[in-house]
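Novice: model the structure of this input:
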Amino acid sequence: TAEELARHIRMRVWKETGINTRIGVSENKILAKIACDIFAKKNDAGLFELTRDNMHKMWEHELNKMFGIGTRTMMHLHKIGIRTIGDLAQTPLETLRRKMRVLLGRNTDIWSEVLWRTANGIDESPVNPDAFDGQKGIGRQTTLPVDYYSAEDIHVVLLELAALVCERARKKHYQGAVVSVGVQGADFDKPTGFSRQMKLDVPTNLTREVYAAAKQVFAKHWNGLPVRKVWVQLGSLLSDEAVQLTLFDDRHRQLVLEQTMDNIRDAYGPTAIFYGSSASRSAQLTNIARKIGGHLK
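Specialist: Sure, this is the predicted structure:
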């Protein structure tokens, strides 16, 4: 059965890696994700099967527990009297469309239907084992333990994230032509921050080049408000088989250096070698290294 297969996967991952996984099981991808997010991550078994017979358990939860609904969307739905996932699922689709159009003053019919279908567990998209073969971007993010107010402190985290992104890109034999940076405040009721990107002159997977671009984006768009979450992504990925050389900078030497650092980390752990700024009080490398997908290993 699906549940037996999920238990077998959990057992194999634990035996081979020592990582405790959480698995949601259902008839389609959207319900399986919700089963994992709301239930499997919270119970001792690390497993939950969401079916049409027990969907009422999902409907009891607040809107922001559902995949696809953030703080701003939840506030919009509250204004039209929808407070739980069940309220959203049981609102007639045409009523939802009409109320959202009136509230936001624009055509939101497609968006409204996506939310309504998710709440009702409707998802016809196929399960494709090759879905991630054509990777679009490589990114890392971290939630800070406290608000950061200083650009210098945030720069430390940007460098750490840039280094992790570039290490992963090199291992996957990618280089990227676009660097995206985002920050977010801690108050989800009054969201602050930004998410912006810049195109590079030359595709890269070198930490110093991605970090320089990240700092530039951050300096241009940060308004000085406190930061609690930071992310960096390398996009527009290309094969790294062809590397652009320059007359005035030895990029090949830098690449060899960073590949050597990768090898040291592979052999001795993610914190075996790092940039000096990661020894400062504002560094987050140790915390990031202890997590997978934002959760403790």
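Novice: just give me the neighbour total for K215.
Specialist: The number of residues packed near K215 is 18, by other Cβ atoms under 10 Å. All C-beta atoms are positioned from the backbone trio N, CA, C, and that covers glycine.
Novice: and it, what element?
Specialist: Using DSSP states H and E, K215 sits within helix 207-221.
Novice: and that helix, what does it pack onto?
Specialist: With contacts taken as 3 or more Cβ pairs under 8 Å, 6 or more residues apart in numbering; DSSP states H and E, helix 207-221 sits against helix 151-171, strand 174-184, strand 193-204, strand 227-239.
Novice: wait, doesn't I154 sit right on V227?
Specialist: Yes - look at I154 against V227 with Cβ atoms under 8 Å: they come within range, at 5.8 Å.
Novice: who has more neighbours, these two?
Specialist: Each of I154 and V227 has its neighbours counted (other Cβ under 10 Å); V227 has more, 24 against 20.
Novice: tell me the contacts of the closest residue to Y211 other than its chain neighbours?
Specialist: Leaving aside its chain neighbours, Y211 sits nearest to A162 (4.1 Å; criterion: Cβ to Cβ, 6 or more residues apart in numbering). Counting by Cβ atoms under 8 Å, 6 or more residues apart in numbering, A162 touches T207, V210, Y211, A214, V232.
Novice: now, which of these sits nearest G68?
Specialist: Using Cβ to Cβ, V232 comes nearest to G68 of the contacts of A162, at 23.6 Å.
Novice: how much space separates that closest one from I264?
Specialist: 22 Å (Cβ to Cβ, to the nearest Å).
Novice: between these two, tell me which one has more neighbours.
Specialist: Higher neighbour count among V232 and I264: V232, with 29 against 12, using other Cβ under 10 Å.
Novice: for E113, what are phi and psi?
Specialist: When read as degrees, to the nearest 10, the backbone of E113 gives phi -70, psi -40.
Novice: number of residues surrounding it?
Specialist: What E113 shows, counting by other Cβ under 10 Å, is a neighbour count of 14.
Novice: same deal with K229?
Specialist: If you count neighbours by other Cβ under 10 Å, K229 ends up with 16.
Novice: just put the helices and strands packed on helix 207-221 in JSON lines and tack on distance to F218.
Specialist: JSON lines is the format used below for the helices and strands packed on helix 207-221 (distance: least, Cβ to Cβ, whole Å):
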{"stretch": "helix 151-171", "distance to F218": "6"}
{"stretch": "strand 174-184", "distance to F218": "6"}
{"stretch": "strand 193-204", "distance to F218": "9"}
{"stretch": "strand 227-239", "distance to F218": "9"}
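Novice: which one of those lies nearest to M74?
Specialist: It is, among the helices and strands packed on helix 207-221 and with distance given as Cβ to Cβ, strand 174-184, at 15.8 Å.
Novice: that closest one to strand 227-239, inter-axis angle?
Specialist: 160 degrees (axes from the mean of the first three to the mean of the last three Cα atoms, to 10 degrees).
Novice: give the other helices and strands that whichever strand or helix holds L88 contacts.
Specialist: Following DSSP H and E, one finds L88 within helix 85-90. In this structure, helix 85-90 makes packing contacts with helix 56-59, helix 109-119, judged by 3+ Cβ pairs under 8 Å, 6+ apart.
Novice: tell me the most buried of the ones you listed?
Specialist: Burial of the helices and strands packed on helix 85-90 is given as mean neighbour count (mean count of other Cβ atoms under 10 Å); helix 109-119 ranks first at a mean of 18.
Novice: quick one, what contacts G81?
Specialist: Residues counted as contacts of G81 (Cβ under 8 Å, 6+ apart) are D87.
Novice: how far does the helix holding K215 sit from the chain's center?
Specialist: Relative to the chain's own centre, helix 207-221 is displaced by 19 Å; criterion: Cα atoms, centre = their mean, to the nearest Å.
Novice: coming back round to it: any chance of the helices and strands packed on helix 207-221 in TSV, with mean pLDDT too?
Specialist: Output for these, formatted as TSV (pLDDT from 0 to 100):
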stretch	mean pLDDT
helix 151-171	95
strand 174-184	94
strand 193-204	92
strand 227-239	93
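Novice: of all those, which one comes closest to L77?
Specialist: Proximity to L77 (Cβ to Cβ) singles out strand 174-184 among those, at 20.8 Å.
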